[in-house]
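>>> Predicted structure and sequence below. I'll ask about it afterward.
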Amino acid sequence: MASLTLVPPPTPPSASMAAPARLILDRVGLDFLAHGDPAFIADAEGMVVWANAPWRYLRSRLELPGGDPAALPWHACDIAAAARLAPGPVIRQDRMALAGGTELIRSEHWPAFGEDGSLLGWAANIAEPAQADRSRRQIGALQERLDDLTRLVSDWIWESAADLTLSFVSPRVGELLGFHPREMLGRPLHDFGHFVDGEGKPVQSPLDAAQPRPFRDEIFLATHAGGRPLQFRLAALPVFDPESGGFRGFRGTARDVTAEHAALTLVAKSRSQLTHAIDSISEGFALYDAEERLVLSNQKYLDSFPLTGAQIRPGQRFADIRRRAFEAGDIIATPSTERIRQQSLATRARALDAIEWEIHGGRWIRAADRMTPDGSIVGIRTDITEWKNRERALYDAKESAELANRTKSEFLANISHELRTPLNAIIGFSELIVSEAMGPIGNAQYKDYLNDVLGSGRHLLDVINDIIDLARAEAGRLELNEEPTDLAEAANAVLRIMRERAMRGRIQLGTDFDEDLPPIQTDPRKLRQILTNLVSNAIKFTREGGAVTVAARREPQTGDVLIQVIDTGIGIAADDIPTAFKPFGQIDARLSRQYEGTGLGLPLTKVMVELHQGRITIDSAVGIGTTVTVRLPASRVRE
C-alpha cells in the first residue's frame, strides 16, 4: 500500500485546489462532489491532493495495518485495473476496522486517465457505513421515535379494519376515555360515541367503507368509562393495500377538545355579555383586528352609517365599509373628508387625533380611533350634532358681534370726522382772535377765555383723532408707511415737544440710547405717536421732582430692539395693567378725575406696536414707578 500525504484545505477545491487536482476533477466531472459524504482526490502515486472534512474525520477512525495515518485503504493500481475492465465509477464494498468495531464501507472511485491511457489519479466518494445497515438502524430509530410520540402526544391514535372495527388504539386512550386498549379492539368506533355538527346535532359518520374518504376536524361526542361526556376532534385517512388496491381500513387521530369547547362556550358567553355592555354605552363602539377587519360593534356605531349600517357585518374590511358609505352618501363628501377617504384606519389610530364629518340627515359624527398593544383598533363614534349646533350659534353670534363692532367703528369714524370739521374751524378762529390779527381785544379777560376755548378744542381734536385711529385699527384699515428710521432722532423730537409740559410739572426728561443703535424699519409718524403717548402718560402720572427717561438698546441674545419709557411716578397695580390696555379703560374713578385722559392712549399704542410685529409690556410697582417696554423684532433692524 503506497504511502501518501493528506492535504486538508478548508476551502472548496475550486478555490484552492492544486493543478493536478483540477486536472483530475476536469476528467472525472463534478458528480462525485454532489454528495455530502467523505471524499478525496489522489494522484497516480496515491498521494492525496485534496480531501474534505468528512473524509479527514473518517480517516482518523480507520485502523489500517502499519499504523500510517496518511495511508489509503485502496491501491491506485487496483482502481485503474478495475476501471479498464468496466467504464464508469469503480464501486467497492470493504469491511474495515474502525475505532470500536468493524463496518462495511461502500465507496465509489472515479479514475482519470491521460491521453496515452496512463492513470493521472482518481476521486473517491465514500458512504459510511453501508446503506443497508444504515437503513436498518434508521428504521429502528424511527420505530422507537414513533412509539415515544404515540405515548407522549395528547391525541390518541387509532386504526380500523375494513369492517370499521378498531384494530389498534394507542395507550393514550386509557387516560382520555378510561378504557384499556384491549377493551376497544374489535369494536366499532360508534360504540363509544357519535359524530355531531358545530351546533351539537347528530350527523352521519364520515367512516364509510363503501366510499372511503379522508376527513379532518370532525366533532365526535364520546362518553368516558365513568360516564363523563367528552368531545374529540377526529381526523383520518383511508388505507389501501399497496398491491391489490383494496380498502384495508382507516388510520386516524382523536384530539381531546373538551376543555377547549368549554372555554369557547365561556368565551361566547363572555362575548355576549360584552356585546350587551357595549350596546348600552352612549357612543358608537367598534373593534377591528390588525388587518382592519371588523370584529364587533354596537348599534350606535351602525347608526353612524344611516344608509349602509344594515349591511355592515363582522369580518368586513374597514376600507369596504368606508367605500360603501361614500358611495351611498352616508358621509357627506367635502374637501375635508378626503382625508377620511384616503387614510387607513391604522394611520388614523397612530395619529391620535379625532376627525369630524357630517353624515346623511344633517347629523355630525366625531371619530376617535386608538390602537391596542396587539395591533387591533378601537373606534369610538360620538354624535356631536347638538354641539355643532351650539358651535354654529356661537359663530353666528360672534359674526353678529363683529358686525356690530365694525358698525360701531364706522360710526365713530364718521361721527368723529363730522366733529373734526367744525372743531378745526373753532380752533382756527380761536387762534386768529387770540393772535389779535384783526385788531386788539377790548377786554383782557375775553382773551383768557379764548385761550381756554383754544386749549379745550385742541384737546378734543386729539381725542377725536385717537378715536378715528382706534376705529381704523379695529376695522383693519390702519396701515403702515415704512422707511428706515433713526430711533434717537425720533425720540428727541418727541422730547422737545414734551419738554414744556415736563418743565411745568418740574419733571426731568432724559435719554439713554446705545451709541451704535442701527436704523429700524418703521412708520415714522406712528413711531412718534407711540413715543408721544408713552412719554405723555409718564409725565402725567409722575409727581413734581420726578424723572422720565426714554431708553433704547439692542438685545444681544435675540437681536431685538427694546424701547423703554421709565418713570418714577405713582405706578400701577399688577391687577390693573390689563385694564390699562382696554379702550376707554380707567384704572379707578379717583385717578380719572385727578388726571385727565380718555383711556385711548395705551390701547392705540398697543395696536400700532403690534402692526410693527412688536410687543408691549408694563412692569410697574405702586409708589415706585413704571417701565413700559416696546420690543421690535430683529427683522426690522437695518444694518
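Arrived safely.

>>> alpha carbons only for contacts and neighbour counts from here, please
Fine.

>>> so what's residue 414 scoring on pLDDT?
The model reports residue 414 with a pLDDT of 69.

>>> and if you look at residue 185?
At residue 185, pLDDT is 91.

>>> Next, find the distance separating it from residue 169.
Residue 185 is 7 Å from residue 169, where distance means Cα to Cα, to the nearest Å.

>>> When the two are compared, which one has more neighbours?
Neighbour tally, residue 185 and residue 169, criterion other Cα atoms under 10 Å: the higher count belongs to residue 169, 22 against 17.

>>> residue contacts, that one?
156, 157, 158, 159, 181, 184, 185 (Cα atoms under 8 Å, 6 or more residues apart in numbering).

>>> Take the residues you listed and keep only those in helices.
Using DSSP state H, the subset of these located in helices is 181, 184.

>>> Going by distance to residue 389, which of the contacts of residue 169 wins?
If you rank the contacts of residue 169 by distance to residue 389 using Cα to Cα, residue 156 comes first, at 67.7 Å.

>>> Give the bridge partners for that closest one, please.
residue 254 (DSSP bridges).

>>> next one: residue 103
As assigned using DSSP bridges, the partners bridged with residue 103 are residue 96.

>>> I'd say it and residue 127 touch.
No: the criterion here is Cα atoms under 8 Å, and residue 103 misses it with residue 127 at 10.9 Å.

>>> okay, now the domains of the protein?
13-135, 153-262, 281-383, 389-474, 483-636 (automatic domain parsing).

>>> Now the terminal residues of stretch 626-639, how far apart.
31 Å.

>>> mind listing the helices for the stretch 251-400 of the chain?
According to DSSP state H, counting those that start in this stretch, the stretch 251-400 of the chain carries its helices in the segments 258-280, 299-303, 318-328, 338-342, 345-351, 385-434.

>>> ranking those helices by burial, who's on top?
Mean neighbour count (mean count of other Cα atoms under 10 Å) peaks for helix 299-303 among the helices of the stretch 251-400 of the chain, with a mean of 19.

>>> quick one on the thing from earlier: may I see the contacts of residue 169 arranged in CSV, with distance to residue 276 as well?
CSV is the format used below for these (distance: Cα to Cα, whole Å):
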residue, distance to residue 276
156, 40
157, 43
158, 44
159, 47
181, 48
184, 47
185, 50
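
>>> Next, give phi and psi for the residue nearest to residue 289 when sequence neighbours are not counted.
Distances taken as Cα to Cα, 6 or more residues apart in numbering place residue 376 nearest to residue 289, at 4.3 Å, with adjacent residues excluded. Taking degrees, to the nearest 10, you get phi -70, psi 160 for the backbone angles of residue 376.

>>> What is the burial count for residue 376?
20.

>>> So it sits against residue 293, correct?
No: the criterion here is Cα under 8 Å, and residue 376 misses it with residue 293 at 9.3 Å.

>>> Pull the residues that contact the helix or strand harbouring residue 537.
Here residue 537 is covered by helix 524-540, with elements defined by DSSP states H and E. By Cα under 8 Å, 6+ apart, the residues outside helix 524-540 that reach it are 480-483, 485, 490-491, 494-495, 498, 501-502, 505, 507, 548, 550, 565-567, 569, 595, 601-602, 605, 608-609, 626, 628.

>>> how about stretch 493-511: buried residues?
Using 16 or more other Cα atoms under 10 Å as the test for burial, stretch 493-511 gives 494, 495, 498, 502, 505, 506, 507, 508, 509, 511.

>>> Let's see which of the residues you listed end up in strands.
Among those, the ones falling in strands (DSSP state E) are 508, 509, 511.

>>> Out of those residues, flag the one nearest to residue 51.
For these, the nearest to residue 51 is residue 511 (99.9 Å; Cα to Cα).

>>> Bridged to the closest one, which residues?
residue 550.

>>> mind listing what it touches?
Counting by Cα under 8 Å, 6+ apart, residue 511 has contacts 549, 550, 551.

>>> Model confidence at the last one, what's the number?
The per-residue pLDDT reported for residue 551 equals 94.

>>> quick one: the residue lying closest to it once chain neighbours are set aside and residue 541, what's the gap?
Sequence neighbours aside, residue 512 is the residue nearest to residue 551 in space, at 4.4 Å (criterion: Cα to Cα, 6+ apart). Note on residue 512: its distance to residue 541, by Cα to Cα, is 21 Å.

>>> Residue 570 too?
6 Å.

>>> One more: residue 139?
For residue 139, the distance to residue 541 - Cα to Cα - is 112 Å.

>>> out of the two, which sits in the more crowded spot?
residue 541 (20 against 11).

>>> Hmm, the more buried one is touching residue 566, no?
No: counting by Cα under 8 Å, residue 541 sits too far from residue 566 to count as a contact (11.5 Å).

>>> hmm, back to that, give me the common contacts of residue 376 and residue 293.
Common neighbours of residue 376 and residue 293 (Cα under 8 Å, 6+ apart) do not exist.

>>> How about the secondary structure of residue 121?
Three-state call for residue 121 (DSSP: H, G, I helix; E, B strand; the rest coil): strand.

>>> which residues does it contact?
Applying Cα under 8 Å, 6+ apart, the residues near residue 121 are 24, 41, 42, 43, 44, 45, 46, 76, 111, 112, 113.

>>> Filter these down to just the ones in strands.
41, 42, 43, 111, 112, 113.

>>> Could you give the number of residues near the residue lying closest to residue 559 once chain neighbours are set aside?
Using Cα to Cα, 6+ apart and skipping the chain neighbours, the partner closest in space to residue 559 is residue 634 (4.9 Å). For residue 634, the neighbour count with other Cα under 10 Å is 15.

>>> Please look at residue 634 and residue 557 and confirm they touch.
No: Residue 634 is beyond contact range of residue 557, at 10.4 Å (criterion: Cα under 8 Å).

>>> got a list of what the nearest residue to residue 617 once chain neighbours are set aside touches?
Spatial nearest neighbour of residue 617, excluding adjacent residues (Cα to Cα, 6+ apart): residue 629 at 5.3 Å. Contact analysis of residue 629 by Cα under 8 Å, 6+ apart lists 562, 563, 564, 565, 616, 617, 618.

>>> Need the three-state assignment for residue 629.
Once three-state DSSP is applied, residue 629 turns out strand.

>>> I'm done for today, thanks for sticking with me.
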